[in-house]
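Q: can you look at this prediction? I've put the sequence above it.
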Amino acid sequence: MSNRSFSKILFLIVLIIIVGAGILAWQYLKAPKPEVKVPETKKQSILLCSNIDYSTESTELGINLTSESERKLREKLHEEGDAALQGISNLTCLEVLNLWGANVSSDVSPLEKLTNLKWLNLSSTGISNISSLKNLIKLRKLYLDHTNVSDVSSLKNLVNLEWLSLDSTKVSSADCKELQQNLPQTEIICP
């Protein structure tokens, strides 16, 4: 066999290999890929809630109002007073609510529907009556500093409470001690 024939045969073999590889590649790219199933892991679903005026988001503290919604609520509280709290009363997924320094004077009863609250700050507001907080049994942290609160008897059943700050309130020493006896697991900052 001459070199020329051998070159032609070798060329033909290389050409067949290239064409065959091209056909295989085309078939592979054209063929539907098998679906790879990732094993399901336990997922913690986070239920967010909203209404026409307010939205929530998940943060490291929990589910709370978006910064835009918090700003809007503070503006409404400034304009309408306590009645503006009705606007968030159906946001039952809320776990965090920071109303520090907001224009809340006395009626926080719309908050009683927010039974998933774990963190609530009502410091530096004008509130005095907190009886509507008695059913917020998931509360872990409650800030009531610099308020007109004097009666804390409604808090005695908040068994999950880890922190309660009553600094600069009208709560008597005797009432604070009694509350500490009812909630021994709670760190309470008395006035």
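A: Thanks, I have the structure now.
Q: so what's the backbone phi/psi at residue 118?
A: Backbone torsions of residue 118, given as degrees, to the nearest 10, read phi -120, psi -20.
Q: so it touches residue 142, yeah?
A: No. Taking contacts as C-beta atoms under 8 Å, residue 118 lies outside contact range of residue 142: 9.8 Å. (C-beta placed from N, C-alpha, C; glycine too.)
Q: going along the chain, name the helices of this protein.
A: 3-30, 67-80, 173-182 (DSSP state H).
Q: what mean pLDDT does the second one get?
A: This means helix 67-80. Per-residue pLDDT over helix 67-80 has a mean of 95.
Q: output it as PDB, restricted to C-alpha atoms.
A: The C-alpha coordinates for helix 67-80 follow below in PDB (Å, rounded to 0.1, in the frame of the first residue of the first chain):
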ATOM      1  CA  SER A  67     -39.100  50.200  56.500                       C
ATOM      2  CA  GLU A  68     -41.500  51.900  54.100                       C
ATOM      3  CA  SER A  69     -44.500  50.500  56.000                       C
ATOM      4  CA  GLU A  70     -43.100  51.500  59.400                       C
ATOM      5  CA  ARG A  71     -42.600  55.000  58.100                       C
ATOM      6  CA  LYS A  72     -46.200  55.100  56.800                       C
ATOM      7  CA  LEU A  73     -47.500  53.800  60.100                       C
ATOM      8  CA  ARG A  74     -45.600  56.400  62.100                       C
ATOM      9  CA  GLU A  75     -47.000  59.200  59.800                       C
ATOM     10  CA  LYS A  76     -50.500  57.900  60.200                       C
ATOM     11  CA  LEU A  77     -50.100  57.700  64.000                       C
ATOM     12  CA  HIS A  78     -48.900  61.300  64.000                       C
ATOM     13  CA  GLU A  79     -51.900  62.400  61.900                       C
ATOM     14  CA  GLU A  80     -54.700  60.100  63.300                       C
END
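Q: list the contacts of residue 158.
A: Contact partners of residue 158, counting by C-beta atoms under 8 Å, 6 or more residues apart in numbering, are 133, 134, 136, 137, 139, 142, 183, 186.
Q: quick check: the second one vs residue 48, distance?
A: In this case it means residue 134. 26 Å (C-beta to C-beta, to the nearest Å).
Q: circling back: of the helices of the chain, which shows the lowest average pLDDT?
A: helix 3-30 - the lowest mean pLDDT of the helices of the chain, at a mean of 70.
Q: just for the chain, where's the confidence low?
A: Residues of the chain meeting the criterion pLDDT under 70: 1-3, 21-22, 24-47.
Q: could you rerun that using 50?
A: 33-45 (pLDDT under 50).
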